[in-house]
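Undergrad: just to be clear, the model below is a prediction. Sequence and coordinates:
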Amino acid sequence: MPLSRLLLCMLIASFFVQKSWSQNRYLVKGSIKDFNTSASLSDVNIFVEELNKGTSTDEDGYFQLHLPSGTYMLVITYLGYEKYSEEIKVNQNLTLSFQLLASTENLDEVIIKQDFQQKTKRQLTMSVNKLDAESIKKIPTVLGESDVIKSLKLLPGITGAGEASGGLHVRGGAADQNLILLDNAMMFNESHLFGFFSIFNPDAVSNLQLYKGGIPSNFGGRASSVLDISQKTGDLTNLKVNGGIGLVSSKLTVEGPIEKNKSSFLVSGRTSYAHLFLKLIDNPNSAFFYDLNSKLNFIINENNTLSLSGYFGRDVFKINDSFKNIYGNTLANLQWKHNFSTTLNSELSLIFSNYQFGLTIDFIGFNWDSGIKNFNLKYNLQQQLSETISLDYGVQGIYYNFNPGYIEPSRKDSGIERDQLSKKYAFENSAYVQVNQELDDFTLGYGLRLNQFLRMGQDEINLYENNQPVVFNEQLQIYESAEIQETYSTSKSEVTESFLNLEPRVSVSYSLNNQELIKANYQRINQYIHLLSNSNTPTPLDIWAPSGKYIQPQQGDQVSFGYVNNQIQKDYSLETEVFYKKINNRIDYIDGAELIANDAIEKVILSGESRAYGLEFLFRKNKGKFTGWLAYTLSRSEQKTPGRTPQETGINNGNWYNTAWDKTHDISLVGNYEFSKKWSFNASFVYQTGRPATYPISVYRYNSFEIPNYRSRNANRLPSFHHLDISATLTPKKNQNRNWKSEWIFSIYNLYNRRNAASISFQNNEDTNFQNEAVRLSIFGIIPSVSYNFKF
C-alpha cells in the first residue's frame with residue numbers, strides 16, 4: 001500500500017519535528033464555565049495578543065495552548081458573554097479556570113481579532129452542524145418538549161420521514177447510515193413513543209456535532225453521517241437542581257460535587273404521564289416512556305481523569321391486556337483520560353451498548369424478544385507535533401451480538417412453540433490516523449482508517465443452488481425466495497467471512513481572507529451492519545443484521561465543495577455547499593418481503609446502489625436582539641437495483657427510483673427575539689416537498705376480488721408538508737434576586753392547523769356506491785402547550 005507507507009514515513013519524520021518543537025514550550029490548559037450555572041462552555045475563543053494566535057474550548061469546556069516562556073495577555077470572548085482579559089506569566093505548565101458572565105448588552109460587539117486557531121477549526125469542520133442545549137431549548141416543538149433530533153432537522157441537508165416519526169436522513173442517506181453516539185456509546189434507536197420524542201434529554205446534553213461530510217478518520221462504520229453527543233459533566237463546586245413540568249412529561253436534573261473540585265456527579269431523569277389521564281376516563285390503553293442519564297467524574301490528578309457515564313431508557317405501549325410492547329436502550333462508558341506530556345494525551349474507553357425489543361400479543365399467545373448489543377474498546381491519542389501539525393490516531397475493537405428474535409408461548413393453550421432464530425456474531429476492528437496541517441492560507445486534514453470485519457459462526461447457515469438465495473421467475477417476471485439446499489452450523493469462535501477495507505479521508509480549505517473560505521472534501525466509509533426494514537420510517541421492531549456470506553458491506557463515497565463567509569456586515573454569516581454521494585451494495589427488498597421472524601432473511605433481499613446529490617444553503621443572523629437562520633436544501637435521493645443477468649428485470653425494471661425519504665425542496669426558517677429581560681419569542685417555519693409514494697393507477701376485477709395496478713415504485717408524492725410553530729418565554733423579574741429561578745414557556749405547534757399527510761390510502765366509499773377514494777391520514781393538527789422550568 002504506497003499511501004500507507006508514505007503516511008508512516010511522514011509520522012516517523014514528524015516525531016523528530018515534534019521533539020525539537022516542544023523544547024522550551026509550556027502547556028497552558030484550563031476550563032471555561034458559565035458564572036451563574038457553572039455549565040461548561042464549548043467553542044469559547046481564547047486569544048494570545050502578543051503571539052497573534054489562539055484556540056477554542058472543546059465540548060467539555062477545556063482548552064490547551066503551547067506557549068514559549070514569557071508574559072502574555074489572554075483575551076477570552078464568547079457570543080452572549082462579557083469579554084474577559086487576564087495577564088499570565090508562563091515559565092512552567094499552567095492550569096487555569098475561568099467563569100464568564102452573561103452579557104447584558106445587545107450581543108453585537110463580541111469580535112475576536114485574527115483568531116487563527118478558531119479559523120483553522122472552522123476550516124477543518126466542513127459539513128458539520130453544531131447545537132448546544134440552550135439553542136435546542138429555544139426552538140418550538142410539539143407538546144412543548146425540547147427535542148434534539150427535531151432541532152437538527154431545521155438545518156440544511158437533514159430531514160426526517162414525517163411528523164411523529166423516528167430516524168434521521170442526512171444528505172439523502174437512509175436512517176441506518178447514521179452513527180449516533182452518546183458519550184461514544186452507539187444508539188440503535190433514537191426515539192421515544194415511535195418518534196414523537198427523541199431519547200436525548202436536553203438538560204443532560206452538553207453539546208452535539210453532526211458530521212454530514214468530511215468525517216475524520218476516528219469515526220467509521222456508517223455510510224452517511226456521525227451524530228456525536230456529549231453528556232454534561234456535573235458541577236465541581238456547587239449542588240444544583242433544575243427541572244421542568246409539562247403537559248405530557250416532566251424532568252429533573254441534579255448535579256454537584258462529590259468532593260469539591262475533585263469529583264462530581266450528574267443524574268437527569270424524564271418521564272411521561274399522559275397515560276394517567278386515560279385511566280381517569282376508564283381507558284385501559286397506555287403509552288409512556290422514561291429515561292435516566294448519569295455521569296460520575298473524578299479528577300485523580302492534573303494528568304488523569306476518570307469518568308463513568310450511562311443511559312437507561314424504556315418505552316411502554318399497551319392496548320388493554322392483549323398487547324404490550326416494551327423497548328429501549330442501555331448504555332455505559334468508562335473513560336480514562338491521561339496526559340503523557342504537554343503535547344500528547346490519550347483517551348481509553350470501555351463501552352457497552354444494548355438495544356432490546358419486547359412484544360407480547362396475548363390474544364395470539366406469544367412473547368417476542370429481539371435486540372442487538374455490543375462491547376466496544378477504543379484507545380485514542382492526540383498529539384501536537386508542531387505549531388502547524390497535529391495528529392489524532394488510535395485503535396478500536398467492537399464485538400456484536402445480534403438476536404433476530406426469540407419466541408415463546410405466553411399461555412399454555414396458545415399452541416406456540418419456543419423458537420430461537422439463529423443468533424449472529426461479529427467483530428469490527430479498526431486502526432486510524434488523522435493529520436491536521438496548516439500551510440499559509442491552506443488548511444489540510446487527511447487520514448486513513450483500516451477496517452476489518454469478521455463474521456463469526458452461528459447455529460444455522462443456509463446454502464442455496466448457485467449461491468443465490470433469491471431467484472428470478474422468468475415466466476411470472478418476479479423475484480422469489482430460493483429453496484434451501486443444505487444447512488450447517490459452525491462454532492462462534494470460527495470466522496466464516498472476512499472483509500478488509502481501507503478508507504481515505506481528505507479535507508482541504510483555502511482562506512480567501514479573514515472572513516471567507518472555500519472548502520472541499522472526500523471520504524470513503526464502509527458500513528458492515530444493516531437495518532432491515534420495508535417501512536418508510538424506522539420502527540422498534542426493525543432488525544439489524546451483519547454483513548456476511550449473502551450481505552455485502554455498504555460502501556459510501558462522498559465529495560463536497562463549499563463556501564463560507566463568517567462575517568457579513570458584522571452580524572450575518574453564510575454557508576453553502578454542494579455534494580454528491582454514491583453508495584454501493586445498498587439493500588433492497590423483493591416484492592412482498594417478510595422481514596419479521598424470518599430466519600433466512602437473505603431470501604428476500606437484493607443488492608443495489610443508491611446516490612444523492614444536492615445544494616445546501618444556510619444564512620444566519622448571529623448577533624443582536626433578533627437572531628435566527630434560513631436553511632434551504634435542494635436535493636435528490638435515488639436508488640437502483642438492476643437485474644443480475646440480462647434476463648432479470650431488477651427492481652422497478654432496473655431504473656432509478658426515488659427513495660422513501662427523498663424531498664426535492666426543504667426550507668426551514670427559525671427566529672429568536674429577545675424582547676426584554678422578561679419576555680422572549682421564538683418561531684420556526686418548515687416547508688418540504690411531499691414524500692414519495694406509490695399509488696395505484698387502475699383496478700381490475702377477478703371474480704369478486706379487486707386487484708390494484710401500480711405505477712413505478714415511488715413515482716407519486718404526498719402533498720407538500722409545512723407548519724408554523726411559535727413560543728413565548730416568560731422569565732419573572734424576581735429571578736434576579738433569589739436562588740430559585742424559573743420560567744414559563746407557552747407554545748403552539750402547527751399554528752394554522754395544517755393537516756399534513758402521514759400517508760394516503762385507497763378504499764371503497766359505501767356512500768358513493770363503493771367508488772374508490774383516497775383517504776389522508778394526519779397525525780397532528782394545532783397543539784397548544786405550556787411548561788414550567790425551574791432551577792436552584
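TA: Nice, I can see it.

Undergrad: OK, contacts around the residue positioned nearest the centre of the chain?
TA: By CA atoms, centre = their mean, the mean C-alpha position of the chain lies nearest to L227, the distance being 3.1 Å. For L227, the contact set (CB atoms under 8 Å, 6 or more residues apart in numbering) comprises 152, 168, 178-181, 208-211. Placement of C-beta: from N, CA and C, glycine included.

Undergrad: quick check: bridge partners of it?
TA: I180, L210 (DSSP bridges).

Undergrad: which element follows the worst-scoring helix or strand of the chain on mean pLDDT toward the C-terminus?
TA: Every helix and strand of the chain was ranked by mean pLDDT, DSSP states H and E. The lowest is helix 116-124, at a mean of 40. As assigned by DSSP states H and E, the chain's next helix or strand after helix 116-124 is strand 128-132.

Undergrad: what helices or strands is that next one leaning on?
TA: helix 148-152, strand 205-211 (3 or more CB pairs under 8 Å, 6 or more residues apart in numbering; DSSP states H and E).

Undergrad: turn these into JSON lines, including mean pLDDT.
TA: JSON lines is the format used below for these (pLDDT from 0 to 100):
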{"stretch": "helix 148-152", "mean pLDDT": "86"}
{"stretch": "strand 205-211", "mean pLDDT": "88"}
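
Undergrad: let me have the ones you listed in JSON lines, extended by distance to Q335 and mean neighbour count.
TA: Below are these laid out as JSON lines (distance: least, CB to CB, whole Å; neighbours: other CB atoms under 10 Å):
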{"stretch": "helix 148-152", "distance to Q335": "22", "mean neighbour count": "22"}
{"stretch": "strand 205-211", "distance to Q335": "14", "mean neighbour count": "22"}
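
Undergrad: which of the ones you listed sits closest to M187?
TA: Closest to M187 of the helices and strands packed on strand 128-132 is helix 148-152 (CB to CB; 10.7 Å).

Undergrad: any chance you could list what contacts the closest one?
TA: In contact with helix 148-152 (CB under 8 Å, 6+ apart) are residues 129, 131, 135-136, 139, 141-142, 158, 160, 166, 168, 190-191, 198, 200, 202, 205, 208, 210, 227, 229.

Undergrad: now, those residues that are in strands?
TA: 129, 131, 158, 191, 198, 205, 208, 210, 227, 229 (DSSP state E).

Undergrad: any idea how far the last one is from N178?
TA: According to CB to CB, to the nearest Å, I229 stands 12 Å off from N178.

Undergrad: rewinding a little: for the ones in strands among the contacts of helix 148-152, which one is nearest R717?
TA: Lowest distance from R717 to these (CB to CB) belongs to I158, with 19.9 Å.

Undergrad: wait, a strand at A431?
TA: Yes - counting by DSSP: H, G, I helix; E, B strand; the rest coil, A431 is part of a strand.

Undergrad: can you give me the helices in the chain?
TA: 2-21, 116-124, 133-138, 148-152, 274-280 (DSSP state H).

Undergrad: reformat the helices and strands packed on strand 128-132 as TSV; add distance to P719.
TA: TSV is the format used below for the helices and strands packed on strand 128-132 (distance: least, CB to CB, whole Å):
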stretch	distance to P719
helix 148-152	21
strand 205-211	29
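
Undergrad: which among those is found nearest to F317?
TA: Closest among these, using CB to CB: helix 148-152, at 19.4 Å.

Undergrad: low-confidence ranges in the stretch 1-150 of the chain?
TA: 1-24, 37, 103-126, 132-133, 141-144 (pLDDT under 70).

Undergrad: count the neighbours of F705 for me.
TA: Number of residues near F705 (other CB atoms under 10 Å) recorded here: 7.

Undergrad: excluding its backbone neighbours, what's nearest E417?
TA: P409 (7.4 Å; CB to CB, 6 or more residues apart in numbering).

Undergrad: next one: N462
TA: Going by CB to CB, 6+ apart, N462 has I484 as its nearest residue, at 4.8 Å.

Undergrad: residues contacting the one you found?
TA: 462-464, 600.

Undergrad: over to E408?
TA: 366-367, 416, 418.

Undergrad: at 10 Å instead, please
TA: Applying CB atoms under 10 Å, 6 or more residues apart in numbering to E408 gives the contacts 365-369, 414, 416-420.
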